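Asks: Fold the stuff below for me.
(one chain, ligands or ions: 1)
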Amino acid sequence: MRIAVAEVAQETDSFTPLIADLSDFEALGLYFGAEIIERMQGVGPIGGLFQVAGEQSESIEWLPLIRAWGGAGGTITAETLDFFTKRLISALKESLPVDAIYLSLHGAAAAANEDDVEGHVLSAIREIVGYDIPIAVCFDHHANVTQRMVDGADLLIGHETQPHDPIATGRKTARVMFDMLSGKVQPTVAWRKIPMITPQDHFLTSQGPMKEWFDLAREMERRPGVVDVSPYPMQPWLDVAEGGWAVVVHTNNDQALAESLADEMAEKAWNLREQFWVSARVDVQEAVRQAVAADKGLIILSDTGDSVYGGAPGDSTIILRELLRQNVPCIALVPIVDEVAVEAAITADLGAHITVDLGGKADNIFSQPVRVTGRVSAFSLGVTVELPERGACEIGRAALLEVGQIRIMLLSQRTFAINHPVLYTHLGLDIADAKMVVVKTASNFQFFSRWRSGLIRVDAAGMTQSDLTAFTWKRIPRPMYPLDKIEDWQTKE
Ligand SMILES: [Zn+2]
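Replies: Numbers count the residues shown, from 1 in each chain. Prediction:
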């Protein structure tokens, strides 16, 4: 059996000034041909595919096309999208004939010239292979599902959890694909768009309304004839023409069942809409005060406005400024992306005291640079670490600046490691010594769970802020809850 495999994935934040070009993908892993097979064992959805393939009786010939992973960031340039599409299509043409195509896509990628990157890629593939070759797609559940995606893919399967388990989603997608190829299932799809967006505050699937919605999907999957139920609470900073939440249901050749479950899932989300907007955020002054007053560490201070995993620049100074103002008496770890400051620290050398205007450069709308004087206590000149299930992770050039008890980790780039303990441990810090850590994410706290004693969601403004009503939306369809009043939305037509 010949299976083509590719990954083109990035989560776009429409509200940042950042632009994503090829260099962003190169930093996070841009691979071609056999390198994809080598590097993706045990990594991400494709790693999950390889595991399930190993359990099949039939031998599989892999046709690796392209692997482009871009994390979360700004809008993708038109040239970059064009490069990916051309490379993918030319590799696919060379690989023909194929029995199936397995794609790992994000679902919320937008380019300067294309709101719907995944729909674009799927349409381009269909032009080459037609509609008889099965295409299985593994999506991030923060995808923005569009008509072209549903038309182009036979399977659209999203993550079951936040934080995500990409290998598990890859395995699930692969299992259904192999069942489809063996004739065991005939997937029938139904889907609904839900006219709502909600902030990240309730994105964890382990609690609250998101748990309720995702639990219903899991319960439905245990019913006879149901293949997959994937809820898609779209990532909330994507301003595109078909934006909004969605649900996709696959049954085994039962259209009526698929339609009724899609209705039920859509209604469930709609009925919970107000609960998704109940805020648990604490203003920055109070948040720092609570972290200092906590009887033990580690308190996680979530910088909700500057989530690098949501596409923000990672250079907001809002929390740092407050830590300095309160002159916190306990060790506080704070990352900040500022290439100029990193170079100033490295040039000054170990032990030197430097004065720099930190951060507030990429995000100069919500935060401004803050002047600090501190001691350069460590630096690294570009380290790449291997993270379990994530693969190679470039930290880039980094320097540690000590200002009183505050340990500022200066970074030259937006690295995945920004929310990972390795950022600090690679320069000799012990997380157990810290009372608090600022993370540039509103959901992915799992890497610090060993030390965590508390979590405070800081109500910080920024390009991933939770108050979505404060952005100027230009492209999203209207009416959209809660931007507009919608009196009587009904999923059934
Ligand atoms: Zn996601």
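
Asks: Which residue would be the closest one in the protein to the ion?
Replies: H142 (3.6 Å; Cβ to the ion). Heads up, the C-betas are built off the backbone N, CA and C, glycines and all.

Asks: wait, that residue sits on A108?
Replies: Yes - contact criterion Cβ atoms under 8 Å: H142 and A108 qualify, at 5.5 Å.

Asks: what's near enough to touch the residue of the chain closest to the ion?
Replies: In this structure, H142 makes contact with E11, H106, G107, A108, Y232, P233, M234, Q235, judged by Cβ atoms under 8 Å, 6 or more residues apart in numbering.

Asks: try I354
Replies: By Cβ under 8 Å, 6+ apart, the neighbours of I354 are A344, A345, A348, T373, G374, V376, L401.

Asks: Backbone torsions only: list them for it.
Replies: The phi/psi pair for I354 (degrees, to the nearest 10) reads phi -130, psi 160.

Asks: and it, how far is that from A399?
Replies: Using Cβ to Cβ, to the nearest Å, one obtains 9 Å as the distance from I354 to A399.

Asks: Any chance you could list residues touching both of those two?
Replies: Residues touching both I354 and A399 by Cβ under 8 Å, 6+ apart: A345, V376.

Asks: With only the CA atoms kept, save the strand or helix carrying D357 in PDB.
Replies: Element membership of D357, judged by DSSP states H and E, is strand 353-358. Listed next in PDB are the C-alpha coordinates belonging to strand 353-358 (Å, rounded to 0.1, in the frame of the first residue of the first chain):
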ATOM      1  CA  HIS A 353      25.800  44.900  34.700                       C
ATOM      2  CA  ILE A 354      23.800  46.300  31.800                       C
ATOM      3  CA  THR A 355      21.000  48.700  31.400                       C
ATOM      4  CA  VAL A 356      18.600  47.900  28.600                       C
ATOM      5  CA  ASP A 357      15.100  48.900  27.400                       C
ATOM      6  CA  LEU A 358      13.400  45.600  27.300                       C
END
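
Asks: tell me the mean pLDDT for stretch 186-205?
Replies: Per-region confidence: stretch 186-205 scores 96 on mean pLDDT.

Asks: cool, and stretch 3-11?
Replies: Across stretch 3-11, pLDDT averages out at 98.

Asks: Surely W213 and N271 touch.
Replies: No - using Cβ under 8 Å, W213 is not in contact with N271, being 9.8 Å away.

Asks: The two: who's more crowded?
Replies: W213 (22 against 12; other Cβ atoms under 10 Å).

Asks: so what's the more buried one up against?
Replies: The contact partners of W213, by Cβ under 8 Å, 6+ apart, come to P231, P233, M265, K268, A269, L272.

Asks: just E7 next, same as before
Replies: By Cβ under 8 Å, 6+ apart, the contact set of E7 is I36, M40, G44, P45, I46, I66, R67, A68, W69, L103, S104, L105.

Asks: Return the distance of it relative to L22.
Replies: Relative to L22, E7 is positioned 15 Å away (Cβ to Cβ).

Asks: Equivalent analysis for T173, please.
Replies: T173 sits 27 Å away from L22, going by Cβ to Cβ.

Asks: Name the residue in these two with the higher neighbour count.
Replies: Set T173 next to L22 and count neighbours by other Cβ under 10 Å: T173 wins out with 27 against 16.

Asks: Nearest spatial neighbour of G311, chain-adjacent residues omitted?
Replies: D13 (2.6 Å; Cβ to Cβ, 6 or more residues apart in numbering).

Asks: Correction: the previous question concerned I408.
Replies: Nearest non-adjacent residue to I408 (Cβ to Cβ, 6+ apart): L401, at 4.4 Å.

Asks: The strand or helix carrying that neighbour pairs with which strands?
Replies: Per DSSP H and E: L401 is located in strand 391-403. Sheet pairing of strand 391-403 (DSSP bridges) gives strand 370-387 (antiparallel), strand 406-411 (antiparallel).

Asks: Reformat these as TSV; add distance to the ion.
Replies: Output for the strands paired with strand 391-403, formatted as TSV (distance: least, Cβ to the ion, whole Å):
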stretch	distance to the ion
strand 370-387	17
strand 406-411	22
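
Asks: Let me have these in JSON lines, adding mean neighbour count and mean pLDDT as columns.
Replies: As requested, these are exported to JSON lines (neighbours: other Cβ atoms under 10 Å; pLDDT from 0 to 100):
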{"stretch": "strand 370-387", "mean neighbour count": "15", "mean pLDDT": "96"}
{"stretch": "strand 406-411", "mean neighbour count": "25", "mean pLDDT": "98"}
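
Asks: Would you mind putting these into JSON lines with distance to D315 alongside?
Replies: JSON lines is the format used below for these (distance: least, Cβ to Cβ, whole Å):
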{"stretch": "strand 370-387", "distance to D315": "11"}
{"stretch": "strand 406-411", "distance to D315": "9"}
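
Asks: rewinding a little: grab the two from the contacts of H142 that are most spread out in space.
Replies: Distances among these were taken as Cβ to Cβ; the most separated pair is H106 and P233, at 13.9 Å.

Asks: Comparing the two, which shows the higher neighbour count?
Replies: Taking neighbours as other Cβ under 10 Å, H106 and P233 compare with P233 leading, 28 against 24.

Asks: that older thread, got the angle for the strand holding L401 vs strand 353-358?
Replies: Interaxial angle, strand 391-403 versus strand 353-358 (axes from the mean of the first three to the mean of the last three Cα atoms, to 10 degrees): 120 degrees.

Asks: Sort out which residues of strand 391-403 are buried, please.
Replies: Along strand 391-403, these residues count as buried under the neighbour rule (16 or more other Cβ atoms under 10 Å): G391, C393, E394, I395, G396, R397, A398, A399, L400, L401, V403.

Asks: For the fifth one, which residues are in contact?
Replies: Same thing as G396. Going by Cβ under 8 Å, 6+ apart, G396 touches A27, G382, V383, L411, S412, Q413, T415.

Asks: you'd agree K361 is up against V370?
Replies: No - taking Cβ under 8 Å as the definition, K361 is not a contact partner of V370, at 11.3 Å.

Asks: Run through the helices of the chain in chain order.
Replies: Taking DSSP state H as the criterion, the chain contains helices spanning 22-28, 34-39, 44-53, 78-95, 117-129, 147-152, 166-181, 208-221, 255-271, 284-293, 318-325, 339-348, 422-425.
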